[in-house]
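# Sequence below, structure please.
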Amino acid sequence: MPSKKMKRSLCTAVAAGVLSLTVAGLPAASAGADPVVNNATQALERLADLSRESERTTEALHNAQIDLDGKQAAQRDAEARLAADRAAVADAQSRMDQFRPTVSKLVAASYQGARTNRLFAVMVSDSPQQLLDQMSALDAISSETARAVAQFKQATTDAESAENASRASADAARSATEQARSVSDGLQSKQSDLQKQIDEVTKAFDRLTGAERAQLAGATFPPGVDAGSILANLAPGSGSAALEAGLTQVGKPYSWGATGPDAYDCSGLVVWAFKQIGKSLPRSSQAQAQAGTPVDRSQLQPGDVVIFYDDASHVGIYAGNGNVLHASTYGTPVKVDSMASMPFNTARRY
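This next block holds a predicted model:
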């Protein structure tokens, strides 16, 4: 759930405008729903709670999809290896068939009393040349047969071993895919439940005046800061270029699961900004917290990706002077905010 600091910050921003909203002006909750929201301040707090939890769920959904995609790719690779190993077995069997006539003749000759060793060649030879011819033939038969058998055994052993291993990998990959899909389905169900709760609360906000909604949204930049002042202090770099791209989206609305260009969630904005400079970042805030190069908070530079909360469920782009560009939460647009209102987790440089 959100920190008390976050809730106080959100509530303070709209207190003057929303305290005039009366109980009679709010819709009643349905039977079995959450407790009735009986004033605008409670509505704001409830929405803040639901939005924070919903963002956690959204980012977890993104992370589950990344996991699912990885497991499905592993499954495809395992099945491709399995097909290759089966082809290797078939090739080995084909090569065995090539040498089978030689082996069969040798076996038949031995069964019928033929002698295929050098002593027998000496005993039945009528001349030195015949001896050499017979010994050469015996050597050829022995060598060819031994080679055929050895090649077949080695190829068959290797291919069958690879096939068994690959089959096990394919089975494991399929099992992992099913597990990942189950996780994703569960999170989507939770997200659906949260959306229903959010819908109940947002009905109250539909009654706010335009001025009250503007007060809720707040300023898109901290006092004394604007896009021009941020851009004037940027040093060349890929992160700086991503921040510059992201600043063009200030004012766009927040929407769960959105990646622009009309609306964004937190990780969606970061993905979009870096995509504009040709860099592909992971889709979830948790994955973004694991990639890139770690950066100490004291060494932050504009354009670094900053992750917040213990579960790494919120992310933005550092804008300098302790500020961050982010798609913050429901009801507020993409903006530049002070980082002080959110618990710092880690930072990454891409």
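# Which strands border the helix or strand hosting Val306, and is each parallel or antiparallel?
Assigned by DSSP states H and E, Val306 belongs to strand 305-308. The strands beside strand 305-308 in its sheet (DSSP bridges) come out as strand 314-320 (antiparallel), strand 344-349 (antiparallel).
# So which residues make contact with the last one?
Where contact means CB atoms under 8 Å, 6 or more residues apart in numbering, the residues beyond strand 344-349 that reach it are 239, 288-289, 291-297, 300-301, 303-310, 312, 318. For glycine as for every other residue, the C-beta is placed from the backbone atoms N, C-alpha and C.
# ok, residues contacting the strand holding Val306?
Residues outside strand 305-308 that contact it (CB under 8 Å, 6+ apart) are 239, 270, 281, 285, 288-289, 292, 300, 314-318, 324, 339, 342-350.
# From the strands paired with strand 305-308, pick the one with the highest average neighbour count.
Of the strands paired with strand 305-308, the one with the most neighbours on average (mean count of other CB atoms under 10 Å) is strand 314-320, at a mean of 27.
# So for it, mean pLDDT?
Mean pLDDT, computed over strand 314-320, is 98.
# Pull that strand out as PDB, backbone CA atoms only.
The C-alpha trace of strand 314-320 is given here as PDB (Å, rounded to 0.1, in the frame of the first residue of the first chain):
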ATOM      1  CA  HIS A 314       7.400   2.400 -10.100                       C
ATOM      2  CA  VAL A 315      10.000   3.900 -12.500                       C
ATOM      3  CA  GLY A 316      10.900   7.200 -14.100                       C
ATOM      4  CA  ILE A 317      13.700   9.100 -15.800                       C
ATOM      5  CA  TYR A 318      16.000  11.300 -13.700                       C
ATOM      6  CA  ALA A 319      15.600  15.000 -14.800                       C
ATOM      7  CA  GLY A 320      18.300  16.500 -12.600                       C
END
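# Could you point out the helix or strand that follows it?
Downstream of strand 314-320, the first helix or strand assigned by DSSP H and E is strand 323-326.
# Name every strand pairing with that following strand and say which way it goes.
strand 314-320 (antiparallel), strand 335-338 (antiparallel).
# rewinding a little: and the strand holding Val306, how far out from the chain middle?
17 Å (CA atoms, centre = their mean, to the nearest Å).
# For that strand, which residues meet the burial criterion?
Across strand 305-308, burial judged by 16 or more other CB atoms under 10 Å covers Val305, Val306, Ile307, Phe308.
# and if you look at stretch 79-95?
Within stretch 79-95, the residues that qualify as buried are Glu79, Arg81, Leu82, Asp85, Arg86, Ala88, Val89, Ala92, counting by 16+ other CB under 10 Å.
# out of the residues you listed, which are inside helices?
Using DSSP state H, the subset of these located in helices is Glu79, Arg81, Leu82, Asp85, Arg86, Ala88, Val89, Ala92.
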